[in-house]
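Undergrad: generate coordinates for the sequence data below:
(chains A and B)
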Protein chains: 2
Amino acid sequence: MSLAYTSTHPSAAATGVTAPAGFTAAGVPAGLKSTGKNDVVLVKNLGPQFTAAGVFTSNRVAAAPVHWSKQVLADGRIDAVLLNSGGANACTGPEGFGNTHRSAEYAAELLGISASDVAVASTGLIGVQLPMDKLLPGVKAAAELMADDQNSADAAAAGIMTTDTVPKLVSRLVGPDGSTQVTIGGMAKGAGMLAPALATMLVVLTTDAVLSSDQADTALRAATAMSFDRADSDGCMSTNDTVLLLASGASGTTPDIAEFTAALTDACCELAAKLIEDAEGADHTIAIRTYNAATEADALEVSKAVSRSNLVKTAVFGKDPNWGRVLSEVGTTKAAFEADQLNVSINGVMVCKNGGVGEDRNLVSLEERNVSIEIDLNAGSEEATVLTNDLTHDYVHENSAYSS
Amino acid sequence: MSLAYTSTHPSAAATGVTAPAGFTAAGVPAGLKSTGKNDVVLVKNLGPQFTAAGVFTSNRVAAAPVHWSKQVLADGRIDAVLLNSGGANACTGPEGFGNTHRSAEYAAELLGISASDVAVASTGLIGVQLPMDKLLPGVKAAAELMADDQNSADAAAAGIMTTDTVPKLVSRLVGPDGSTQVTIGGMAKGAGMLAPALATMLVVLTTDAVLSSDQADTALRAATAMSFDRADSDGCMSTNDTVLLLASGASGTTPDIAEFTAALTDACCELAAKLIEDAEGADHTIAIRTYNAATEADALEVSKAVSRSNLVKTAVFGKDPNWGRVLSEVGTTKAAFEADQLNVSINGVMVCKNGGVGEDRNLVSLEERNVSIEIDLNAGSEEATVLTNDLTHDYVHENSAYSS
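TA: This next block holds a predicted model:
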């Protein structure tokens, strides 16, 4: 993944969760958001298959919908997903879990399916009960509007937005030599620097491929490891993060799994880049690439350490190519390297050579939004890139002003 | 350690590194700081013993003086410490190490001791060579001024300041029933939120106790583990952090080691609290106490996780008792707990009970500088407290404006 995002697979004409065959969606305003914008979303798999996989937050204080959806997914099947913005339903106790259960039951009744096949995902304030008197009418309105067109995919993507400024949709075509056999679609929200209590990452991916649940699970885990797991806005982990993959089998085709995984990874990388680029509080988007590492795990550890440094992030905000702060973070890791063999380049200028002063730091321009920090460990041939943002006054302002 | 700092041992009449018998010190302005303030410091142990212990940064990109001082300390003996502000001598390559060596040789020559018994500590900008034409005359001036009075201790404490607004000195008396047998003195700088590239923590502790180097090492490690290791301003680790303990034996007394360790810990806790309280960019000082933990390690892991959350720190800046952000950090740890048995109190108000909404958050006032966050894991009887600061506009401003 890099900021100069280069797609490895073509997009479809349509985009979003209804791009593949076999899916309908809707997004409606139900009054959970004070803005009156869309806040309740349904995505339905029309089959003939209902294969699903999911990746959830590892936060042990997980929200009610996360607990619910893990149960739903236990049999590898999801028929529909109910999503809402305007309330995270986290730290809400038995009443919160009851509300998730009740909303899934209601959606199932309206869609003529079993509640045990309805996943739920929520995003918004922690510690507040969902207003069920608004949510349930919203579910009904959404169920009545469900369609497989672009408008529906757009409405669904808009309905999961919180501090996102733009809806985030994606599509990919999978097939030998670019000929279409299978389509992937998806939508995402979150990872914003603004009000990250709202910035749960919710992602729904859809495909018309014929997949076993094992294949779906393996592909999804591979794709998220290379994309969302390498986008880190502020180092904080949400109680609600959810990534789901639904496969309808409507194409009648089982793709080459390596090819499918590559295309799914490609789609997830595009969504992850869009999430980081839309972090409103940020002035800069920073790609931290560690290369010549002994192992990919080393490269990832170093890139993540640097991406979580408030000192590096404030330096970039101040347009200061402060390589000493980068080196200092590298020094906190267990990666294989010798301190006197480290090189650091910022926007292409090797400001640190062999652990000391390199090229003139005045050659570095940090005026552009996109910033590249490259760390040469001189210890091998592996690499990994992590995307993050700078730390700005807006971040402090928005996160301090959020709930007061 | 807590913010309402309560000393367990009495202070001496004098304070700082010359409070115990057998030490002289000096601090002079040598022009390393553009402000013209003191920036070169010497501390000398007059004996009859020259026992020493040290704790250094675990950052693998350690500065030249750290490498040097570790070598000096290998035999458990330090006769003098040369300290400077105005330059970290980190990421400066062989030339930087040569400068440290040369300054130690010069100090040794002036003081009539061996360079291999002169520890060096530096603080300031990374990646810049020390101006030896200013440093060496400063060493000479300091060597000529060395004395055992309060003025000298004050001048030394001032000479290691960077963004600190006040010098930080301490003293403690050790003896049965409060009668004095042994004295501890000390000085510290750093841990500031402002310009932490400057905010290396340097600490020199002195005592007239008769100690073996093993006793000194054990006592120092126990004291730092309970104090400096539990003060975390912004989660970043300096390339230069150094804590030294020098014992002159001038009292002729070997104290009860448990008692001495308790007094040394007490002194270090006072210095650590002073470091956190002097973080200029901060509006709030936050004590994060985790209690009813299964183990002390669990309690410490939880307190540290919460102390490093930008979301918690910005919420406190915004006077927002956002317990959901606290709970979310607790959920990222491996500590023993059940999510539905967690309680969180902010300034005494239990805003989260049993993992859900507790007392009215409007009862919490965050107007005062000192903030208490208490996390009840309901899993045992151990506890640990970590001190940190809030994340403010001033932090972002000072750290972005620092070197540009």
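
Undergrad: quick check: buried residues in the host helix or strand of residue A:302?
TA: Using DSSP states H and E, the element containing residue A:302 is helix A:296-307. Along helix A:296-307, these residues count as buried under the neighbour rule (16 or more other C-beta atoms under 10 Å in any protein chain shown): A:298, A:299, A:300, A:301, A:302, A:303, A:304, A:305, A:306, A:307. No exception for glycine: its C-beta is placed from N, CA and C like everyone else's.

Undergrad: and those, which is closest to residue A:397?
TA: For these, the closest approach to residue A:397 (C-beta to C-beta) belongs to residue A:307, at 21.7 Å.

Undergrad: any idea how far that closest one is from chain B?
TA: 13 Å (C-beta to the nearest C-beta, to the nearest Å).

Undergrad: cool, and residue A:130?
TA: In terms of C-beta to the nearest C-beta, residue A:130 sits 13 Å off from chain B.

Undergrad: show the pLDDT at that residue.
TA: You'll see residue A:130 listed with a pLDDT of 97.

Undergrad: again with the one 3 residues further on
TA: In the predicted model, residue A:133 carries a pLDDT score of 98.

Undergrad: before we move on, what about residue A:334?
TA: In this model, residue A:334 carries a pLDDT of 94.

Undergrad: tell me, how many residues neighbour residue A:133?
TA: 9 (other C-beta atoms under 10 Å in any protein chain shown).

Undergrad: alpha carbons only: can I get the helix holding residue A:302 in CSV?
TA: C-alpha atoms of helix A:296-307 as CSV (Å, rounded to 0.1, in the frame of the first residue of the first chain):
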residue,chain,number,x,y,z
GLU,A,296,8.5,-8.2,7.0
ALA,A,297,7.5,-8.3,10.7
ASP,A,298,10.6,-6.2,11.5
ALA,A,299,9.6,-3.7,8.8
LEU,A,300,6.0,-3.5,10.0
GLU,A,301,7.1,-3.1,13.7
VAL,A,302,9.4,-0.2,12.7
SER,A,303,6.8,1.5,10.5
LYS,A,304,4.1,1.2,13.2
ALA,A,305,6.4,2.6,15.9
VAL,A,306,7.2,5.6,13.8
SER,A,307,3.5,6.1,12.8
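
Undergrad: flag every residue of the stretch 251-400 of chain A that's near chain B.
TA: With C-beta under 8 Å from any C-beta of the partner chain as the criterion, the stretch 251-400 of chain A meets chain B at residues A:308-311, A:314-315, A:317-320, A:322-325, A:327-333, A:337, A:339-340, A:342, A:352, A:354-357, A:391-393, A:395-397, A:399-400.

Undergrad: residues contacting the residue of the stretch 101-250 of chain A found nearest chain B?
TA: Residue nearest to chain B within the stretch 101-250 of chain A: residue A:126 (3.0 Å; C-beta to the nearest C-beta). Shown in contact with residue A:126 (C-beta atoms under 8 Å, 6 or more residues apart in numbering or on different chains): A:63, A:88, A:90, A:91, A:197, A:239, B:324, B:325, B:327, B:328.

Undergrad: distance check, it against residue A:383.
TA: Per C-beta to C-beta, to the nearest Å, residue A:126 is found 36 Å from residue A:383.
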